[in-house]
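Colleague: I'd like to go over a predicted model; first the sequence, then the structure.
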Amino acid sequence: MTNKNQIEKLLQEQELTDFKWIDPKDIVVAQWVRVKCYFGCSDYGLGSCPPNTPSVSECERFFKEYKSALLIKLNKFADKDAYPSDWSREMTNKLLSVERAVFLLGHPKVFLLNQTCCTLCNDCSGNRLDCHDKRNARPSPESFAVDVYQTVQNAGMKINVVANNPGDMNRIAILLTE
Ligand code: SF4
């Protein structure tokens with residue numbers, strides 16, 4: 001990885017300090033994650049969520065095309081009944097600006113799996129063709145069938161189910177770099 005230090009500096013400039021480099025082949029992809037999108041997730045059908053994402057096998061293939069990735073962990077004390085939307089939007093903007101800067105460093109393949117389902121608009125189109133912000137809409141790791149808990153734990157980072165409300169919430173983004 002030629003620009004590793006420069007990429008870490010970009011993250012630090014955005015105060016994204018909790019991250020770890022991983023080999024994308026260690027990203028755990030599982031069918032059960034997709035099933036949980038279909039049943040039990042209130043975001044199902046948003047423009048960058050299933051069924052508007054590749055199949056699970058296509059997601060597996062996609063990750064195999066990369067040699068290097070960053071797991072980026074965000075932490076926020078939050079109330080699930082009053083989701084911190086402003087904070088989430090700010091984090092998305094920071095991550096998108098890092099993705100753009102990494103591209104300009106000479107990484108044309110860079111791709112962000114965002115820390116949340118795409119919620120850039122209040123009136124999501126519910127499909128890719130009519131998306132109101134095609135440049136900035138990004139899928140979450142979960143919508144690409146990533147078993148986030150297992151992937152993060154395998155990388156030696158801590159992640160917890162939020163048992164108390166309000167409580168410490170972890171959000172995970174993945175930046176695939178090359
Ligand atoms: S940018 Fe807007 S329309 Fe497009 S997926 Fe995100 S919320 Fe939906």
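Modeller: That came through fine.
Colleague: C-alpha from now on. contacts and neighbour counts both.
Modeller: Noted.
Colleague: Can you name the residues of the protein that neighbour the ligand?
Modeller: By CA under 6 Å from any ligand atom, the residues of the chain that approach the ligand are 46-48, 118-121, 124-126, 131-133, 137.
Colleague: As TSV, those with pLDDT, neighbour count and secondary structure would be great.
Modeller: As requested, those are exported to TSV (pLDDT from 0 to 100; neighbours: other CA atoms under 10 Å; DSSP: H, G, I helix; E, B strand; the rest coil):
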residue	pLDDT	neighbour count	secondary structure
Leu46	97	21	coil
Gly47	97	26	coil
Ser48	98	26	coil
Cys118	96	20	coil
Thr119	90	18	coil
Leu120	94	17	coil
Cys121	94	11	coil
Cys124	97	18	coil
Ser125	97	16	coil
Gly126	97	18	coil
Cys131	98	18	coil
His132	98	16	coil
Asp133	97	13	coil
Ala137	98	22	coil
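Colleague: where exactly do the strands run in the chain?
Modeller: When assigned using DSSP state E, the strands of the chain occupy the ranges 19-22, 69-78, 111-113, 167-176.
Colleague: Name every strand pairing with the second one and say which way it goes.
Modeller: Strand partners for strand 69-78, identified by DSSP bridges, are recorded as strand 19-22 (antiparallel), strand 167-176 (antiparallel).
Colleague: most tightly surrounded among those?
Modeller: Stretch with highest mean neighbour count among those: strand 167-176 (a mean of 20; mean count of other CA atoms under 10 Å).
Colleague: State the mean pLDDT of it.
Modeller: Here strand 167-176 scores 96 as its mean pLDDT.
Colleague: Isn't Leu96 up against Asn136?
Modeller: Yes. Applying CA atoms under 8 Å, one finds Leu96 in contact with Asn136, separated by 7.4 Å.
Colleague: Looking at these two, which one has more neighbours?
Modeller: Between Leu96 and Asn136, Leu96 has the larger neighbour count (other CA atoms under 10 Å), namely 20 against 14.
Colleague: If you tally nearby residues, what's the number for Lys158?
Modeller: With other CA under 10 Å as criterion, Lys158 counts 11.
Colleague: And Gln115, by the same measure?
Modeller: The burial count for Gln115: 24, using other CA under 10 Å.
Colleague: Show me where this structure dips below the pLDDT cut-off.
Modeller: Residue ranges of the chain with pLDDT under 70: 1-2.
Colleague: that older thread, possible to save the strands of the chain as JSON lines with distance to Val35?
Modeller: Output for the strands of the chain, formatted as JSON lines (distance: least, CA to CA, whole Å):
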{"stretch": "strand 19-22", "distance to Val35": "26"}
{"stretch": "strand 69-78", "distance to Val35": "23"}
{"stretch": "strand 111-113", "distance to Val35": "19"}
{"stretch": "strand 167-176", "distance to Val35": "20"}
